[in-house]
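[1] Could you look at this predicted model? Sequence included:
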Amino acid sequence: MSGPDKRFIQFRDACHEQDVELDHYVAIDGLDGANDGDGKNYTPSGILAAVQEAGRTLGNEKRPLANKIIVPEEDFSDDLATASLINIINASIEPRAVDSARYSYNSHSINRIDTCRQAEIGFLRTFIGMKNVNEQGYVTMGAQIFQAGGVPVFVRKYAGSHYSALSLESVGINGIPYPAGSIFSMKFRAQESPDEEKADTPDVGPVKLEFFSARSIYAIRFLRLSAFALSQAERREAGFVPPPHIEEEEDELYMQAELSDFKDAVTEAKGRLDELYGSVGEVGLQEALAA
């Protein structure tokens, strides 16, 4: 899907009626429905491109993304992408803690990495693989799961050039809320850095599934909303289609999978590991890597 989508046009018009002037770059990306214009990354539709630009702008610098608070309209109440854009813009004007302050982070010293349109495939195959933990505790595609209080908050995949993480819960960055299903890059505390040697060869056989504490994450940076942040209907409206090279049997799952399905897969995988090794619990990275 190229060019602006109807939802962003409706959103922009609603802002005009409220005398709201949007940040220039957020408005441009929303209208163009493009990411950087370099053709190298995933190119979302207008409303998702605006969310992406707004989110990463606040990861670089703190500046208001509009001249005044936007009053959400009823038409947008069931539209997660537009609601997320309004939340990010409003929070840039009046910073506030995310509703669930349990999962709040900063974005200090995080280098931006690209997240391509293939990222969803990597996450999808990671979760499919979790359903088949073997007797050695290995899966076909490795992953690092970060949890807080026993709740999985992020799944960081080993597939692709960069090991981005998918949020399974709503999280905050510098007081700005981002919905579950967002994709982030991460930075870890120096003394608790995950071993990435395993991630360098993701396709060379089974890899261990690892559970770590979310406390080991020093900072995160928003990259974009994934397809899985949206409902099935929104996914289709926003122009998500199964990308090239996806297996035929994964096609339907790609368009229908919900985050709750992914949470269930993580729970099942952890249960399997508990059966094999006893409770893997919630431990610091040092203890987990030493095990």
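    Thanks, I have the structure now.
[2] contacts and neighbour counts: CA atoms only from here.
    OK.
[3] for the chain, longest strand please?
    strand 217-225 (DSSP state E).
[4] Let me see the mean pLDDT of that one.
    Strand 217-225 shows a mean pLDDT of 85.
[5] what do you get for stretch 107-118?
    Per-residue pLDDT over stretch 107-118 has a mean of 64.
[6] for A66, what are its contacts?
    By Cα atoms under 8 Å, 6 or more residues apart in numbering, A66 lies in contact with V20, E21, L22, D23, I89, N90, I93.
[7] please redo it, this time with the cut-off set to 10 Å
    When contacts are counted by Cα atoms under 10 Å, 6 or more residues apart in numbering, A66 touches C15, V20, E21, L22, D23, H24, V26, I89, N90, S92, I93.
[8] same check, this time on I88
    Taking Cα under 10 Å, 6+ apart, one finds 51, 54-55, 58, 64-65, 82, 94-95, 175-178 in contact with I88.
[9] Check for me that G55 belongs to a helix.
    Yes: according to DSSP: H, G, I helix; E, B strand; the rest coil, G55 belongs to a helix.
[10] Skipping adjacent residues, who's closest to it in space?
    Using Cα to Cα, 6 or more residues apart in numbering and skipping the chain neighbours, the partner closest in space to G55 is F222 (6.1 Å).
[11] Would you check how far apart that neighbour and K208 are?
    26 Å (Cα to Cα, to the nearest Å).
[12] When these two are compared, which one has more neighbours?
    Ranked by neighbour count (other Cα atoms under 10 Å), F222 and K208 place F222 first, with 27 against 17.
[13] list the contacts for S226?
    44, 48, 115, 117, 119-120, 123, 166-167, 180-184, 235, 240.
[14] so of the residues you listed, which ones are in strands?
    Going by DSSP E, the strands hold L166, S167, S182, I183, F184 from the contacts of S226.
[15] how near is the first one to I69?
    Yep, that's L166 we're talking about. Distance from L166 to I69, by Cα to Cα: 29 Å.
[16] ok, these two, which is more surrounded?
    L166 (27 against 21).
[17] If we ignore the residues flanking it in sequence, what's nearest the more buried one?
    I183 (4.7 Å).
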